[in-house]
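1. turn this into a model:
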Amino acid sequence: MAINAAPSSDADTPRAPQLPVIYYTNGRKMLLPALGCFVFAVLCYWMLVDPWVSDPHPLITKIYAYFGIIFCGSGAIVTICFLTRRWRYITLDKAGILIQGYRRPISWSEIANVDLVYQRAGSREIEWIGIFVRDTSAYYASLGPIARRLTSMTDRSLGTPFLVNCDLLPIQPDILIPWLNEYRARYSR
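-> Have a look, this model is predicted:
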């Protein structure tokens, strides 16, 4: 009896979990935005209660302070909600994928491909998981006006991708994409 001492490449890669699987947003990645919003809300409040003596336009400063308190304070509240609650981000089951924000689940048989999509935002490159569907007309009708505008701008040769932000996922996209393609091959019948 011979023993194969060479390590298997399949042993290094994690196996896809049994469906259904629910992935929640990664709350730790919201710590910095929550802290930033809170600091700016406090600074705007400080502008309101302790105005400068030599301020030539105190009324305009108060308007900016109120605007900053409302904007940054609401941002702090939203990010604290992301920190304290577990928001369901993606649900995978045998029927398909349900992404938070979309009204209709994407069936495995309607998916053409799952791949990484990169978007340039200034000096930063944002990484997305692109779920390309064969026929977008069924999903296009259920989208809101902003989503319809965005999907028309991102039309690709494989179809319009449904984008999942990799920053909010608790799992690495290099692990999740092969799992999604495996589920697509297994359940698309």
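2. any idea how far residue 75 is from the residue nearest the centre of the chain?
-> Central residue of the chain (Cα atoms, centre = their mean): residue 165, 3.2 Å from the mean position. Relative to residue 75, residue 165 is positioned 17 Å away (Cβ to Cβ, to the nearest Å). Every residue, glycine included, has its C-beta placed from N, CA and C.
3. do the same with residue 135
-> 37 Å.
4. the domain parsing of this protein - what is it?
-> 28-84, 94-187 (automatic domain parsing).
5. distance to residue 14 and mean pLDDT added to the ones you listed, as TSV?
-> Listed next are the domains of the chain as TSV, based on distance: least, Cβ to Cβ, whole Å; pLDDT from 0 to 100:
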stretch	distance to residue 14	mean pLDDT
domain 28-84	21	88
domain 94-187	6	80
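6. wait, which of the ones you listed is closest to residue 20?
-> domain 94-187 (7.5 Å; Cβ to Cβ).
7. ends of that closest one, how far apart?
-> Taking Cα to Cα, to the nearest Å, the first and last residues of domain 94-187 lie 6 Å apart.
8. any idea how far the helix or strand harbouring residue 129 is from the chain center?
-> Assessed by DSSP states H and E, residue 129 sits inside strand 124-133. Put simply, strand 124-133 sits 10 Å off its chain's centre (Cα atoms, centre = their mean, to the nearest Å).
9. swap in stretch 48-67?
-> Counting by Cα atoms, centre = their mean, stretch 48-67 comes out at 37 Å from the chain centroid.
10. quick one: contacts of that stretch?
-> For stretch 48-67, contacts defined as Cβ atoms under 8 Å, 6 or more residues apart in numbering pick out 44-45, 47, 69.
11. change it to 10 Å
-> Contacts to stretch 48-67, defined as Cβ atoms under 10 Å, 6 or more residues apart in numbering, come from residues 43-47, 68-69.
12. which of those count as buried?
-> Among the contacts of stretch 48-67, those classed as buried by 16 or more other Cβ atoms under 10 Å are 44-45, 47, 68-69.
13. what's the closest of these to residue 181?
-> Among these, residue 68 lies closest to residue 181 (Cβ to Cβ), at 45.6 Å.
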